[in-house]
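> got a structure for you, letters missing:
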């Protein structure tokens, strides 16, 4: 027995330790627990669990976009296996500038080809891929659906509908997207309100109330996503029927949303992360599109606003 033990011991002591892969997570805003949970669910489906067999290094810019290049650089120095970016293309572009070899995953409301993240949706061609949401393209549809919820006690042409936009042009924010949103809001006849900070959101809602707008569209933005409780609360305080892109606003008490299911999108990104850890290359993974677009309405909020849902063809009504 002693001889046998001696023979095994050198083998055990010189065996190379198993390496646990590390995922870098670069966020332009602050953590969103629900979306992170869905990302982890996607990872789990490929057998990866944070702690036991994969590590995740998180870096958050908390809305200070100028910090993103340095944070991306830290993840590159950490030699992570891949970088997952959240909070729009601003984080993806920072990661793309930091490395041309480490795989990058993104969710972008902009055209990733125009943003130089990929060369093609079907064959990304570089070290980045992910999921493409639509932002400006859905504005007119959201407006149509929001108008359909409003009472018919006033002529259509007298309604004044606002649009809340983050026009932050500092740091790495995308000027083209801001201009596209402004232009589309103008074409649709929307009254534009601009907010770059939490305080400005409150100021703009007070202005909307004074100006007696009939309804409001909140355009997708990482700041607005982070402050959805504030925005939903202000819309309720001033009794402004408000439409959003993401269902998370409706779950928080907002009136309605039309757009992709963001939680499902993050699960898809988690699945892509699992595939890359299994050896897939970003250049061979097509840029995904949302699985579906959905109209979600909060019944309690609609009732508080005196709105009738009888003719609504919602995909889901939240009580």
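Cool, the structure landed. Just so we're clear, the structure is a prediction, and the values are computed from it rather than from any experiment.
> after the lengthiest helix in the chain comes which helix or strand?
Of all the segments of type helix in the chain, defined by DSSP state H, the longest one is helix 262-277. Secondary structure here is assigned by DSSP states H and E; on that basis, the next helix or strand after helix 262-277 toward the C-terminus is strand 293-298.
> hmm, who's touching that following strand?
138, 145, 149, 247, 250-251, 253-261, 309, 312-318 (C-beta atoms under 8 Å, 6 or more residues apart in numbering). To be clear about C-beta, it is placed using only N, CA and C from the backbone, and glycine gets the same treatment.
> for ChimeraX, write the select line for the buried members of the residues you listed.
Selecting the buried subset of the contacts of strand 293-298 in ChimeraX, with 16 or more other C-beta atoms under 10 Å as the burial test, is done by:
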select :138,145,149,247,250,251,253,254,255,256,257,258,259,260,261,312,314,317,318
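> which members of the contacts of strand 293-298 occur in helices, if any?
The members of the contacts of strand 293-298 that map onto helices under DSSP H are 145, 149, 247, 250, 251.
> doesn't residue 105 belong to a helix?
No - note on residue 105: no helix contains this position according to DSSP: H, G, I helix; E, B strand; the rest coil, which reports strand.
> residue 164 - nearest residue in space that isn't next to it in sequence?
Closest residue to residue 164 in three dimensions, ignoring its sequence neighbours and counting by C-beta to C-beta, 6 or more residues apart in numbering: residue 218, at 4.7 Å.
> what segments of this protein are helices?
So, for the chain - with DSSP H - the helices run 2-14, 33-44, 68-77, 89-98, 139-149, 175-187, 198-211, 222-226, 228-237, 247-251, 262-277, 299-304.
> redo those helices as TSV? Include mean pLDDT and distance to residue 289.
Rendered in TSV, the data for the helices of the chain read as follows (pLDDT from 0 to 100; distance: least, C-beta to C-beta, whole Å):
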stretch	mean pLDDT	distance to residue 289
helix 2-14	40	50
helix 33-44	95	16
helix 68-77	97	26
helix 89-98	93	16
helix 139-149	91	16
helix 175-187	76	18
helix 198-211	96	30
helix 222-226	82	20
helix 228-237	96	24
helix 247-251	93	17
helix 262-277	95	10
helix 299-304	94	29
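> export these as JSON lines, with columns for distance to residue 108.
Conversion of the helices of the chain to JSON lines gives the following (distance: least, C-beta to C-beta, whole Å):
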{"stretch": "helix 2-14", "distance to residue 108": "47"}
{"stretch": "helix 33-44", "distance to residue 108": "15"}
{"stretch": "helix 68-77", "distance to residue 108": "14"}
{"stretch": "helix 89-98", "distance to residue 108": "4"}
{"stretch": "helix 139-149", "distance to residue 108": "17"}
{"stretch": "helix 175-187", "distance to residue 108": "10"}
{"stretch": "helix 198-211", "distance to residue 108": "23"}
{"stretch": "helix 222-226", "distance to residue 108": "12"}
{"stretch": "helix 228-237", "distance to residue 108": "20"}
{"stretch": "helix 247-251", "distance to residue 108": "18"}
{"stretch": "helix 262-277", "distance to residue 108": "11"}
{"stretch": "helix 299-304", "distance to residue 108": "29"}
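> just name the most buried of the ones you listed.
helix 89-98 (a mean of 25; mean count of other C-beta atoms under 10 Å).
> show me what that one is packed against.
In this structure, helix 89-98 makes packing contacts with strand 22-27, helix 68-77, strand 82-86, strand 104-108, strand 128-132, judged by 3 or more C-beta pairs under 8 Å, 6 or more residues apart in numbering; DSSP states H and E.
> just checking, what packs against the first one?
So that's strand 22-27. Here strand 22-27 touches strand 55-60, helix 68-77, strand 82-86, helix 89-98, going by 3+ C-beta pairs under 8 Å, 6+ apart.
> circling back: now flag whichever of the ones in helices among the contacts of strand 293-298 is closest to residue 94.
Distances from residue 94 to the ones in helices among the contacts of strand 293-298, taken as C-beta to C-beta, are shortest for residue 247 (27.5 Å).
> ok, the closest one touching residue 264?
No - counting by C-beta atoms under 8 Å, residue 264 is not a contact partner of residue 247; they are 9.7 Å apart.
> any figure for the gap between the nearest residue to residue 305 once chain neighbours are set aside and residue 118?
Nearest in space to residue 305, with sequence neighbours left out and distances taken as C-beta to C-beta, 6+ apart, is residue 241 at 5.5 Å. When C-beta to C-beta, to the nearest Å is the yardstick, residue 241 and residue 118 sit 38 Å from each other.
> out of those two, which sits in the more crowded spot?
residue 118 (27 against 23; other C-beta atoms under 10 Å).
> how close does the residue nearest to the more buried one when sequence neighbours are not counted get to residue 248?
Counting by C-beta to C-beta, 6+ apart, residue 124 is the residue found nearest to residue 118 once chain neighbours are left out, at 3.8 Å. Separation of residue 124 from residue 248 (C-beta to C-beta) stands at 28 Å.
> please apply the same query to residue 138.
Looking at residue 138 against residue 248, where the rule is C-beta to C-beta, the gap reads 16 Å.
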